[in-house]
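> Sharing a sequence plus its predicted fold:
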Amino acid sequence: MSSSAAQSRDLMAHVDRTRWTCINERAPEHVLADTFIGDTERFLESDTDAELIISLPFISPVTINSIEIMSRRVADGPKDIRIFVDKGHIDFEDVHDVKPDCVVSLTKEQVTRGSPIPLDPFIFSRVRTLTIFVENNQSGSDTTMITSLNLNGAVIPFTNMRNLRRVG
């Protein structure tokens, strides 16, 4: 086991939940917060079509080793996703104009099991904001469903300069 794998942990506790966003979620019934509860009866679902844009800002920089996306309705689970690192605000008007840092086509098996999808540690180090664009789902249906979303990696220690006090 590599040292990075040994240090890998769930990063969702390090997401700034006061600033996260999800564009095209079916609010208030099935929203982003539902993917972090661990209850398969609650889930994130898209509203007007299958696309979703999820933006996850972190409290401090992180290195992301893998992402896990699971759906209890496999046919409605995400298929093609684009992942962006620190690209600022991305919406549906510009998501196709911004070059993604990673493009992943999820299999039905990955969506069923929530299998970890490894990410390039060089690209996904010192991440402050992760944006996930769900382009479509497994069956081409009208809505996409995500039961669980997890990010695994490590928090990068840092000093918040605002907390430092002058001595002397």
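Received the coordinates, thanks.
> Any idea what residue 84 is bridged to?
According to DSSP bridges, the residues that bridge with residue 84 are residue 131.
> How about the contacts made by residue 111?
If a contact means Cβ atoms under 8 Å, 6 or more residues apart in numbering, then residue 111 has 69-71, 74, 77-79, 138 as its contacts. Where you see a C-beta, it was placed from the backbone N, CA and C, and this is true even at glycine.
> now do 10 Å
68-79, 137-138, 145-147 (Cβ atoms under 10 Å, 6 or more residues apart in numbering).
> so it is in which element?
helix 108-113 (DSSP states H and E).
> Buried subset of the contacts of residue 111 as a ChimeraX selection?
The buried residues among those can be selected in ChimeraX (16 or more other Cβ atoms under 10 Å) with this line:
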select :68,69,70,71,73,74,76,77,78,79,137,138,145,146,147
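> can you pull out the strands in this protein?
Here the chain has its strands, by DSSP state E, at 9-10, 21-23, 44-45, 52-70, 80-85, 102-105, 117-118, 127-134, 145-146, 148-155.
> what helices or strands is the last one leaning on?
On a contact count with 3 or more Cβ pairs under 10 Å, 6 or more residues apart in numbering; DSSP states H and E, strand 148-155 meets helix 3-7, strand 9-10, strand 52-70, strand 127-134.
> From the chain's centroid, how far away is that strand?
8 Å (Cα atoms, centre = their mean, to the nearest Å).
> what's the answer for stretch 83-99, then?
The answer for stretch 83-99 is 14 Å, by Cα atoms, centre = their mean.
> Could you tell me the end-to-end distance of it?
9 Å (Cα to Cα, to the nearest Å).
> Other residues contacting that stretch?
21, 23-24, 49, 51, 53-55, 57, 61, 64, 67, 82, 100-104, 117, 119, 123-133, 135.
> Please report how far the residue nearest the centre of the chain lies from residue 31.
Nearest to the geometric centre of the chain sits residue 132, at 5.4 Å (Cα atoms, centre = their mean). Residue 132 is 15 Å from residue 31, where distance means Cβ to Cβ, to the nearest Å.
> And for residue 99?
Taking Cβ to Cβ, one finds residue 99 at 28 Å from residue 31.
> Give me the more crowded residue out of those two.
residue 31 (15 against 8; other Cβ atoms under 10 Å).
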